[in-house]
Structures are given as structure tokens and as C-alpha cells.
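>>> sequence below, structure please.
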Amino acid sequence: MFGQKPANVKPQTESKTKLEPYEIHVMPVKFHKYLAPKKTKFGRYLLIGVIILIFVAASGLAAYYFFVVLQQGTQPILNTNFQPVLNTNNNANQNQNLNMTNENLNAENINADLNTNINANLNANINTNANLNTNINANENANSNVNTNINLNTNETSPAISTHFSSPDADRDGLTDIEELLYGTEKNMPDTDADGFLDGSELINLFNPLAGSGSLLVTSGLVNTYENPVFNYQIYYPAKWMARPVDQSLKEVVFQSGTDEYVSVLVQDNPDQLALVNWFLTIEPNANLNLMEKSTTKGAMEALLSVDKLTTYFYSDKTPDEVYIVNYNINNRTQINWQTTYEMMVNSLSIVPKL
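Numbers count the residues shown, from 1 in each chain. I've put the predicted structure just below:
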């Protein structure tokens, strides 16, 4: 029994299942969780970051609004009320009559147009803070409108701004290069006759720039003398220029240069025989006399030179009924050629005794 080999016992073989041409194997469900894509937290973090940025930006804008915009809006509005019409203080009306009396005083002054309301507007607005309507200084305005009118010439037009300049002067002797050609002087030699005086200075003072030793311009042949038989004056003008009366009255005479510039002499009536300054103020009441040059010519005439130095007014005791005006017309030029010649003509003007 034990230890004996069983007789001819054939081992049993498992029956094989017949396989199809191909097989499909499916992974068990319990392993599916390892194949599913893994979820990360990156999206969640990104969303949180965006929300934080939006919050920070909104906070910044709010801070800007409260600390900048509102801060500006809380600035005191007292400084914006500087216009006189905005002062609603009833007490300001107490000074109205005082201001009106000063206006009447100023009416007698030449500069009344300037002085009448200067202090009136100031007094009405002494309390510049609109919200402080205590009008503390209202009663002090009684003496604030005292106008002594010391500045007699403050109501003038603005000074004329020179818009012209002299043409080239190579040797800087006072004569432009064109004037050097007119008088025959050396344009590269400031003292042609070597007498120690500049050519331009000699011409203005009526001396011959081509000959020394005090040679006079009138005998040099460089100028002619025009005599007006009606208004009894004479004046030098360059010999190469042309003298032409405007009409038969001889009230205005034009001295034509070689360019479109010219010098004219005009005689104006002075029926009240006013002094030169007083007469001038009748035609130019707003002029600033402090900016004009006053002088006496070699012909013993009072002279008043305009601000732009292109017009000179003359008065002589010998002819008190008349004022002489010598004008340099530059024809809207910015570069002028005959300034020294004009000054020579001005200095040469004189009254001729009546026969």
C-alpha cells in the first residue's frame, strides 16, 4: 500500500479553451483610479491670485480718490473770490459816496481816466475771504482814496517799441554805408579827413566830413539849403536829393532820397501860441513826455523828439503861431538808411527873419 507506485495512472490534462482569432483584455475596475489624470491645484491658486490683484488695484484707486481728488476738493475756496462783484458785504456800500467824491476830484486831472476807479475797486474788496464777512476794515476806507495825482503822466499810451534798425555801417562812424556813398566819405575809414572827429558826428553838427579845420557843411557842396518863403524857415538837405512842395501852400515839403524813404517838413498852426509841450499834448493827450527827448537846436529852436526818434517837433519865439514838424518816413522798413542825415536836417532847421 505505502511505497507502491500506482499502476498505470494517466495524469489528467486540463481541457484547453478554444481561442478566438484575437482576444480583448479589460483591466479590472479597481485599477482605473491609477489611470485617471491627476488633478492639480494650480488653477485654484491662479484664480486666488487674480482676485487678490483686483482687490489691490481697487484699493489703490480708492486711496487715490480719497487722498488726492477729495483732498483737492477740500482746498479752501476763499482764495477764488477776488472779483469785486462777489463781495456781498452790505457794509461795503458805506464807502461808495467817498469813492465818488474822489472820482470828481480826479476829473480835473489830465490822467483822470486812469485814476478814477483804481482805489474804488480795491476798497470794495479789502475782505478777500468771502466766508469771513466781518468787514473789519470797512470803516477804514474813508481815507484810502486820497489821490494826490503826483504822477501827471501816468495815463499815457505804452511806449512805442522800435521796429527798425540802421543799415550796415562798416567803419562805425555813424554814417551808414549808403550815406558814405551819398557824401563821398570813406566807408572803411571812420574819420575821412583825419581831423579827430567821426564822419557821422561832423555831419550831425553841420561840419564838412571831407575837410578838417572846422570846415562848414553849408559851403561843402554836399548839401543844399531849402528856404520856405511863406513860413520863413530854412533847412539843409543832401545835394543829391530832391525838394518838392506837396502843394502851392508850401505848408508841407518833401525831401526825397534815392530810396523809398523821405524826410518831410510840415507846418502846423498854433493859434493860442502855446508852449511846445502844451501844444503837443493837445494833439497827443496820452503821450508820455518823460520818454521823449527835449533839446534846443543850433537854430535856437525848442525841439521835442518822439520815442521812435523819427519825428521832431519845433517851436520858436520868432513864430509863436506855428509849430514845425520834421518827420522821417521809413515806409514800413525795418532797416533804415538815413538816420544820421535826418539828424543833420533837424539840426539845420532855423527861422529866417521876415523881410
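>>> surely Gly60 forms part of a helix?
Yes - with DSSP: H, G, I helix; E, B strand; the rest coil as the criterion, Gly60 is located in a helix.
>>> and it, what's its pLDDT?
On pLDDT, Gly60 comes in at 82.
>>> kindly report the same for Phe42.
pLDDT recorded at Phe42 is 72.
>>> and for it, the neighbour number?
Using other CB atoms under 10 Å, Phe42 has 8 other residues around it. Every C-beta, even on glycine, is put in place using the N, C-alpha and C of the backbone.
>>> and the residue lying closest to Val223 once chain neighbours are set aside, how close does it get to Thr341?
Once flanking residues are discounted, Val223 sits nearest to Tyr236: 4.4 Å by CB to CB, 6 or more residues apart in numbering. Distance, Tyr236 to Thr341, using CB to CB, to the nearest Å: 10 Å.
>>> so for these two, which sits in the more crowded spot?
Higher neighbour count among Tyr236 and Thr341: Thr341, with 28 against 23, using other CB under 10 Å.
>>> that one and Leu182 touch, don't they?
Yes - between Thr341 and Leu182 a contact is recorded at 7.4 Å, counting by CB atoms under 8 Å.
>>> I figured Ala194 was touching Leu210, is that so?
No - at 10.8 Å, Ala194 does not count as touching Leu210 under the criterion of CB under 8 Å.
>>> show me which of the two is the more surrounded one.
For the pair Ala194 and Leu210, the greater number of neighbours falls to Leu210 (18 against 8), based on other CB under 10 Å.
>>> wait, is that one part of a helix?
No - looking at Leu210 with three-state DSSP, it is coil, so not inside a helix.
>>> quick one, grab the pLDDT at it.
We have a pLDDT of 96 for Leu210.
>>> next, the contact list for it, please.
Leu210 is in contact with 183-185, 192-193, 220, 222, counting by CB atoms under 8 Å, 6 or more residues apart in numbering.
>>> ok, now with 7 Å
Shown in contact with Leu210 (CB atoms under 7 Å, 6 or more residues apart in numbering): 184-185, 192-193, 220.
>>> for the residues you listed, work out which two are farthest apart.
Taking CB to CB as the measure, those span a maximum distance of 12.1 Å, between Thr192 and Ser220.
>>> neighbour-wise, which of those two wins?
Higher neighbour count among Thr192 and Ser220: Thr192, with 24 against 18, using other CB under 10 Å.
>>> make sure that one is actually in contact with Leu198.
No - contact criterion CB atoms under 7 Å: Thr192 and Leu198 do not qualify, at 9.4 Å.
>>> sorry, back to before: tell me the secondary structure at the residue nearest to Val223.
Criterion first, three-state DSSP; result for Tyr236: strand.
>>> how close does it get to Lys298?
According to CB to CB, Tyr236 stands 11 Å off from Lys298.
>>> ditto for Ile48
The gap separating Ile48 from Lys298 is 101 Å, by CB to CB.
>>> possible to save the contacts of Leu210 as CSV with secondary structure?
Shown next, in CSV, are the contacts of Leu210 (three-state DSSP):
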residue, secondary structure
Gly184, coil
Thr185, coil
Thr192, coil
Asp193, coil
Ser220, coil
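>>> tell me the one of the residues you listed nearest Glu227?
Using CB to CB, Ser220 is the member of the contacts of Leu210 that sits closest to Glu227, with 18.3 Å.
>>> got a list of what the closest residue to that closest one other than its chain neighbours touches?
What sits nearest to Ser220 in space, not counting adjacent residues and going by CB to CB, 6+ apart, is Asn208, at 3.9 Å. By CB under 7 Å, 6+ apart, Asn208 lies in contact with 202, 215-217, 220, 222.
>>> and if we set it to 6 Å?
Contacts here follow CB atoms under 6 Å, 6 or more residues apart in numbering; on that basis Asn208 touches 215, 217, 220.
>>> likewise for Phe314?
Contacts for Phe314 (CB under 6 Å, 6+ apart) come out as 301, 303, 324.
>>> nearest to Met242, of those?
Checking those against Met242 by CB to CB gives Tyr324 as the nearest, at 20.3 Å.
>>> near the closest one, how many residues? Count them for me, please.
Other residues lying near Tyr324 total 22 when counted by other CB under 10 Å.
>>> could you pull up phi and psi at it?
Phi and psi for Tyr324, reported as degrees, to the nearest 10, are phi -110, psi 130.
>>> does it have beta-bridge partners, and which?
Tyr324 has these beta-bridge partners by DSSP bridges: Val267, Phe314.
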